[in-house]
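> from the sequence below, what's the structure:
(2 chains)
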Number of protein chains: 2
Amino acid sequence: MSDVVNVTTGPIAGSTKVYRNGVPFRRVNLTTGEHLDLYDTSGPYTDAGAVIDLEAGLPHRRVTRNRGTQLQRARAGEITAEMAFIAEREGVSPELVRDEVARGRAVIPANHNHPEAEPMIIGKAFAVKINANIGNSAVTSSIAEEVDKMVWATRWGADTIMDLSTGRDIHQTREWILRNSPVPVGTVPMYQALEKVGGDPVKLTWEVYRDTVIEQCEQGVDYMTVHAGVLLRHIPLTVDRVTGIVSRGGSIMAAWCLAHHRESFLYTNFEELCGILARYDVTFSLGDGLRPGSIADANDAAQFAELRTLGELTGMAKSHGVQVMIEGPGHVPMHKIVENVRLEEELCEEAPFYTLGPLATDIAPAYDHITSAIGAAIIAQAGTAMLCYVTPKEHLGLPNRKDVKDGVIAYKIAAHAADLAKGHPGAQARDDALSKARFEFRWEDQFNLSLDPDTAREFHDETLPATPAKTAHFCSMCGPKFCSMRISHEVQEAMKEKSREFADQGNKVYLPVVTS
Amino acid sequence: MSDVVNVTTGPIAGSTKVYRNGVPFRRVNLTTGEHLDLYDTSGPYTDAGAVIDLEAGLPHRRVTRNRGTQLQRARAGEITAEMAFIAEREGVSPELVRDEVARGRAVIPANHNHPEAEPMIIGKAFAVKINANIGNSAVTSSIAEEVDKMVWATRWGADTIMDLSTGRDIHQTREWILRNSPVPVGTVPMYQALEKVGGDPVKLTWEVYRDTVIEQCEQGVDYMTVHAGVLLRHIPLTVDRVTGIVSRGGSIMAAWCLAHHRESFLYTNFEELCGILARYDVTFSLGDGLRPGSIADANDAAQFAELRTLGELTGMAKSHGVQVMIEGPGHVPMHKIVENVRLEEELCEEAPFYTLGPLATDIAPAYDHITSAIGAAIIAQAGTAMLCYVTPKEHLGLPNRKDVKDGVIAYKIAAHAADLAKGHPGAQARDDALSKARFEFRWEDQFNLSLDPDTAREFHDETLPATPAKTAHFCSMCGPKFCSMRISHEVQEAMKEKSREFADQGNKVYLPVVTS
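Numbers count the residues shown, from 1 in each chain, chains lettered A, B, ... in the order given. Got it, this is the predicted structure:
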């Protein structure tokens, strides 16, 4: 590689990397002497003691003995090393991890050939996960930029990465990302297959596609989006749509099917594909090639016809021992979101749902991380296991470093809001710790417990940069006299004083009791 | 005023100001020759033909004949000039406007002494509205900055403004804002009253407060937050909270009640207050002084005890002919949001609900416009009529110009997403127009139909600035070969071709029909 790759290393502000039974956590050390350990996706890059050598790649985190998929081993009653790691990471029992995998309600994307990644799980019984898409396009970016984005995205909390490169050096870019990624890596093999036939969908063949899949399996890709549910008979259902087919893989397959007037080669060769993925324990991410691309097209016949086909393919994949998740929309108004989850669970045996947003409105290009975080929070609360982020550049251009971080943070918010709403054990602890720090004017703790300590601190310091302001009982929003929290402390003091008087006076009631 | 006030004027990119029956709209002129008229909060500032003289204030938009409140006149069966204006603006019948006001399910905040404002309505039968808080603090900002923020906030869609100044020159700042605001202005009179007694809550008296209310009514304030529901007996319910009392007005009244061991003077003098507000047709915004300040405190006994008292006060205010809305939280996890709306409607006679967010998690200071846009969209879908914005600076400092815009846009997204979900007439038209422009690669139309044309264009042009890119059938996100929309057009063409063949061949079925 000609470019010099520079990535961000070192701990997140106020945190240290700790390992509990070999599992990494971001430990936030509070000024009270207490600490809170947070789920940590960032790998060795945030370990002050780690030596990073991008040319050499990350050290191996696990030994892979190529003897079946996590699904097959879970069904056999085994608790694999990956499952034990995940149980510690999620704060749940290893048996729960195994049982959810065995039922197909959770997946552990862990290609035998990707030992650099730290095991993680995607399933609705666990913390909601987020994926960050990176990858170049023919118009812009380089390998160096994409490796940097990968490290940057995992620093801020991306649980998986998808390399969606469609430009130059697809194989080489993926190699750099895989060897240096602490999280599972997903791809859409169709993109590289299309490059191999010069960009013309009509020239695609099963053989070219299959060989591309094998190439990527060998390299270590952990999960692959396969648009095998786009059938010839579904295509006419898209003709009256406002935005047609908006999935790249979906539109490519539709073009192929129509040009040859044949059924999709992904569908007709699906069993052979299962055999390949099973050998490496690569997880299917069955793509929603007919997902809606606008509010107008949400939950339409084309979308749900494909979902039905994905259900059929789910059963086939699982019968081969291959792990499966199902991709979902896209663009859906709020009142139509929950139906997507219910139908996916019904048709696809509760395989983990992995959705792109959805955007709850189409009127805010440049802010689609927000339009989609709304939809993402709602769909995750309803049971979606992983959320594919959307950046502010969606629909407008390739995201840069800042966009990647903005997208990741927006989606960490959506995922965490859903965890809270689902009562996920441990989710509330972080909110409570931050709220307590806020009420006690421990500004540094408030920053350090947040999703983005750097920006929180920077915003505060914009108006009150001096050190004493970090323990001051106000900020510039309300100023010293109008800080409700300061007055509230005085109220609490006064209440305690009254309680003492009350006790001294022989416990006569002095405050009416609320009846409600 | 010593500072020079500079505000942003001129049309929003790609739009022109038009008046239909005297009601302003933002007309987006499409490259197809069609146009779309959008609800427009920005007043004369975006009218290319208007002359702006901040010293003189805006021209009067209505004649006020001081003869009762909108509520009293609606009950009497009258369709006021304001109601007719609003019906045109919302695209509904004048009778609907009158009936909703008469039932107390909607309010028209329109002080007789604020003729500069363009009439608008807050109620769940109409488009969801958003409020932007501005105002200085003792630590920072000036009159010039706050007037600029007011114009800036309404440019991007703020339906009302609250001037929450607590610093220098409170009266003078408010005068500049009122005389130049095209939207209703709300205040919290307690802040100025507290300034008058040197900032010590204990020194507050009913007389000081009452005189402040009269001063602000005379000036033209359209609605006032009054924390009359914070009763002595509610205060002990807050003692075990994680974040105590976080409303400034609430904490001030709690401190007063405890110090004097007397019932709140706002509660004991509420009837007199009703008499004052009725004379000017100022709307009550009954404040939630005990709203939760953290996820941990959501929906607790203190919060709902106060809401019950607000219900009692609602009846009292309406019996005096005063319009009423009810303020709501704050910080609430997603699964507890809808209960807030149901209880408010039950206890407060369906008076319009006006909520601050709520934030769906506490772990993202610097991104609370996003944490709260999630909660805001959900609570608006459930029936909340107006959303008070939260900016990225919330909990960290006083918002600047950029923060104000970020907050407004995030809340326009939440409000519009809720309008879509509620099936509000007209909401879908804008999404469809933008989606259609997107699918047809009309980039300029896509930008101009968006909430923020400037930023959408800027993001696109970051990688493809040349003029031909504005009609190109791709952007830098996917590049020319991988644009699904381009391929999708080819698919549609192929489908049409097949249809022609089909017709030519005597309509023999060539594609299987989906059975689903």
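> alpha carbons only for contacts and neighbour counts from here, please
Will do.
> where do the strands of chain A begin and end?
Taking DSSP state E, the strands of chain A run over residues A:15-20, A:23-29, A:35-39, A:106-107, A:122-123, A:129-134, A:160-163, A:185-187, A:223-226, A:283-286, A:324-328, A:353-356, A:386-388.
> of all those strands, which one is nearest residue B:31?
In terms of CA to CA, the element of the strands of chain A nearest to residue B:31 is strand A:353-356, at 30.6 Å.
> run the chain-centre distance for that closest one.
9 Å (CA atoms, centre = their mean, to the nearest Å).
> summarise which helices and strands that strand is packed against.
Under the contact criterion of 3 or more CA pairs under 8 Å, 6 or more residues apart in numbering or on different chains; DSSP states H and E, strand A:353-356 touches strand A:324-328, strand A:386-388.
> so what's the residue nearest the centre of chain A up against?
Central residue of chain A (CA atoms, centre = their mean): residue A:130, 1.0 Å from the mean position. Residues counted as contacts of residue A:130 (CA atoms under 8 Å, 6 or more residues apart in numbering or on different chains) are A:157-160, A:386-389, A:408, A:411-412, A:415.
> most neighbours out of those, which is it?
Counting neighbours by other CA atoms under 10 Å in any protein chain shown, residue A:411 leads these with 33 neighbours.
> turn the strands of chain A into a markdown table, columns for mean pLDDT.
Below are those laid out as a markdown table (pLDDT from 0 to 100):
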| stretch | mean pLDDT |
| --- | --- |
| strand A:15-20 | 97 |
| strand A:23-29 | 98 |
| strand A:35-39 | 97 |
| strand A:106-107 | 98 |
| strand A:122-123 | 98 |
| strand A:129-134 | 97 |
| strand A:160-163 | 97 |
| strand A:185-187 | 98 |
| strand A:223-226 | 98 |
| strand A:283-286 | 98 |
| strand A:324-328 | 98 |
| strand A:353-356 | 98 |
| strand A:386-388 | 98 |
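> now these as CSV including distance to residue A:234?
Formatted as CSV, these follow (distance: least, CA to CA, whole Å):
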stretch, distance to residue A:234
strand A:15-20, 50
strand A:23-29, 45
strand A:35-39, 41
strand A:106-107, 28
strand A:122-123, 29
strand A:129-134, 27
strand A:160-163, 27
strand A:185-187, 24
strand A:223-226, 16
strand A:283-286, 16
strand A:324-328, 17
strand A:353-356, 21
strand A:386-388, 25
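> which one of those strands lies nearest to residue A:267?
strand A:223-226 (9.6 Å).
> run a quick neighbour tally on the residue lying closest to residue A:88 once chain neighbours are set aside.
Leaving aside its chain neighbours, residue A:88 sits nearest to residue A:23 (6.9 Å; criterion: CA to CA, 6 or more residues apart in numbering or on different chains). Around residue A:23 there are 17 other residues, counting by other CA under 10 Å.
> and what of residue A:218?
Applying other CA under 10 Å, we find 14 residues neighbouring residue A:218.
> was I right about it contacting residue A:113?
Yes - using CA atoms under 8 Å, residue A:218 is in contact with residue A:113, at 6.5 Å.
> from chain B, how far out is residue A:456?
Distance of residue A:456 to chain B, given as CA to the nearest CA, to the nearest Å: 5 Å.
> ok, now which ones touch the residue found closest to that residue once you drop the neighbours it is linked to in the chain?
Distances taken as CA to CA, 6+ apart place residue B:366 nearest to residue A:456, at 5.0 Å, with adjacent residues excluded. Residue B:366 makes contacts with A:452, A:455-456, A:459, B:392-394, B:396, as judged by CA under 8 Å, 6+ apart.
> can you tell me which two in those are farthest apart?
Top of the distance list for these (CA to CA): A:452 and B:394, 14.4 Å.
> name the residues contacting each of residue A:218 and residue A:113.
Counting by CA under 8 Å, 6+ apart, the residues touching both residue A:218 and residue A:113 are residue A:280.
> quick one on the thing from earlier: what's the closest of the contacts of residue A:130 to residue B:61?
residue A:411 (43.8 Å).
> let me know the pLDDT of the closest one.
Looking at residue A:411, its pLDDT reads 98.
> and it, how far from residue A:402?
14 Å (CA to CA, to the nearest Å).
> do the same with residue A:35
For residue A:35 relative to residue A:402 (CA to CA), the value is 29 Å.
> which among the helices and strands packed on strand A:353-356 is found nearest to chain B?
Checking these against chain B by CA to the nearest CA gives strand A:386-388 as the closest, at 15.1 Å.
> that closest one: partners in the sheet, and parallel or antiparallel?
strand A:129-134 (parallel), strand A:353-356 (parallel) (DSSP bridges).
> show me where the stretch 351-500 of chain A has helices.
Taking DSSP state H, counting those that start in this stretch, the helices of the stretch 351-500 of chain A run over residues A:368-381, A:401-422, A:427-439, A:443-448, A:453-463, A:484-504.
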